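Peer 1: coordinates only, sequence not included:
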């Protein structure tokens, strides 16, 4: 294991005036630094340096995906400060994505949480951007048709943003006689496969399909749902295979399987105790997070919050009619049908009462609405915001009852505009919508009536 020092954290007993002075001290102390770092003066010097490093990239003994330009003077850095989570005194210039050629050895179809079958390319291993790539997603059958791809073809592979592998095109057709066959049966449960939206294949087995069941559990424990640490995909797969988990309600019974779990490879007393502690901590959950955790098709965070705000109690959502559901903000006929069909599924009807016995569901009351001064208000964020990240401000606004949307319309109550606000600001001005800048956020959050 080796490392290269590149930044200064907390420092006591010595002060540095600049990055270059800090690096000089590191070298004197025999702490490894990058020999590639250089002080430049002008924009042209920056561009020349970027091009130089790009050309030398292959010979550098460690992986890099771009160049970062920083203001050298520490006092200037402090004066410039930060915007959201990014410093004003530094900017990253990424390199173009790297490409390589390889052979497509097979195409397999994986079943996701919603039952959609995603084609995955199995590739002859190839190094792209310093990483050995063996798999790449093909998205759907339309993408396969667009590429005109078959097993045995030589293809160009690109790591988009130096992260996600993507097949760009076929450069040479293979001699294999194995043509791609679109599956008619689910590879997991053997149920019929149906075509939806002209390009997506879907398993018709529903919750009788093991892969859909596992996907439901993975979604249930995710950060925006029950947020249970220690239950990752691999552990869920293991527990599912062992018969410990069949649906999300089984999670809360894992503490009764201590002897079986600690006997598994990779598990011990401490990891088991940590998992159970995390599960117990998740039992108190808000209504909107509970609704989101169930994985109802096309019911995301925003829709779950709208359901919570409209019905206030889970019983109202569970028993809601079509006519009642389409009265909820932003819920149309398709989503209303999805909700009704979901709660009519016999497996869900059986699971929900078991879940409700295990959790402490935090439902809304009339008192809660007194602390929601923005209830019914539609707010849009745009531009680079001061003091808050976009996610942080969005969460605060939602907790105050607001519906935070991505586009400006006549229904928008307020636009919060940061630096470099573009078309959304112009549209809000043309519609006569109230606008505040990011410097006014704190004042707005403390006294919403002053602005609305």
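Peer 2: All right, it came through fine. Nothing here was measured: the structure is a model prediction, and the numbers come from that model.
Peer 1: Buried residues, stretch 427-442. List them.
Peer 2: Using 16 or more other CB atoms under 10 Å as the test for burial, stretch 427-442 gives 427-428, 433, 435-438, 441. Every C-beta, even on glycine, is put in place using the N, C-alpha and C of the backbone.
Peer 1: now stretch 34-53
Peer 2: 49-50, 53.
Peer 1: Domain map for this structure?
Peer 2: What the record gives for the chain is the domain set 19-94, 96-204, 207-282, 286-364, 374-450, from automatic domain parsing.
Peer 1: how about CSV for those domains, with distance to residue 13 added?
Peer 2: Converted to CSV, those look like this (distance: least, CB to CB, whole Å):
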stretch, distance to residue 13
domain 19-94, 12
domain 96-204, 38
domain 207-282, 37
domain 286-364, 47
domain 374-450, 32
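Peer 1: For residue 5, find the nearest of these.
Peer 2: Ranking the domains of the chain by proximity to residue 5 (CB to CB) places domain 19-94 first, at 5.2 Å.
Peer 1: Give me the mean pLDDT for the closest one.
Peer 2: For domain 19-94, the mean per-residue pLDDT is 89.
Peer 1: Now find how far off-centre it is within its chain.
Peer 2: 29 Å (CA atoms, centre = their mean, to the nearest Å).
Peer 1: What of stretch 166-185?
Peer 2: With CA atoms, centre = their mean, you get 30 Å for stretch 166-185.
Peer 1: who's in contact with that stretch?
Peer 2: Contact with stretch 166-185 is made by 99, 101, 103-104, 107, 109, 117, 121, 136-138, 141, 144, 147-160, 191-193, 201, as judged by CB atoms under 8 Å, 6 or more residues apart in numbering.
Peer 1: same deal with stretch 61-76?
Peer 2: 4, 16-20, 39-40, 46, 49-50, 53, 57, 77, 80, 89-95, 129-131, 162.
Peer 1: In which helix or strand does residue 217 reside?
Peer 2: helix 210-220 (DSSP states H and E).
Peer 1: what helices or strands is the helix or strand following that helix leaning on?
Peer 2: Using DSSP H and E, the next helix or strand after helix 210-220 towards the C-terminus is helix 233-242. If contacts are counted by 3 or more CB pairs under 8 Å, 6 or more residues apart in numbering; DSSP states H and E, helix 233-242 sits against helix 210-220.
Peer 1: for the helix it packs on, what is the average pLDDT?
Peer 2: 97.
Peer 1: Then stretch 424-436?
Peer 2: 90.
Peer 1: And stretch 377-386, by the same measure?
Peer 2: 87.
Peer 1: What residues sit buried inside that stretch?
Peer 2: Per 16+ other CB under 10 Å, stretch 377-386 contains these buried residues: 377-383, 385-386.
Peer 1: and of those, the nearest to residue 343?
Peer 2: residue 378 (27.6 Å).
Peer 1: From residue 308, how far off is the closest one?
Peer 2: Note on residue 378: its distance to residue 308, by CB to CB, to the nearest Å, is 16 Å.
Peer 1: And residue 234, by the same measure?
Peer 2: Distance from residue 234 to residue 308, by CB to CB: 32 Å.
Peer 1: Now tell me what touches stretch 419-434 from outside.
Peer 2: With CB under 8 Å, 6+ apart, stretch 419-434 has contacts from 83, 380, 382-384, 386, 407-410, 412-415, 417, 435, 438, 451-452.
Peer 1: And stretch 346-365, by the same measure?
Peer 2: For stretch 346-365, the surrounding residues in contact (CB under 8 Å, 6+ apart) are 206-208, 247-249, 252, 283-287, 290, 294, 308-309, 312-314, 318, 342-343.
Peer 1: are any of those buried, and which?
Peer 2: Buried among the contacts of stretch 346-365 (16+ other CB under 10 Å): 207, 247-249, 252, 285-287, 290, 294, 308-309, 312, 314, 318, 343.
Peer 1: any idea which of those residues is least confident?
Peer 2: residue 309 (86).
Peer 1: So that residue is in contact with residue 399, correct?
Peer 2: No: contact criterion CB atoms under 8 Å: residue 309 and residue 399 do not qualify, at 11.9 Å.
Peer 1: Need the phi and psi values for residue 136.
Peer 2: As for residue 136, its main-chain torsions (degrees, to the nearest 10) stand at phi -150, psi 140.
Peer 1: which residues touch it?
Peer 2: Going by CB under 8 Å, 6+ apart, the list of residues near residue 136 reads 120-121, 123, 157, 165-167.
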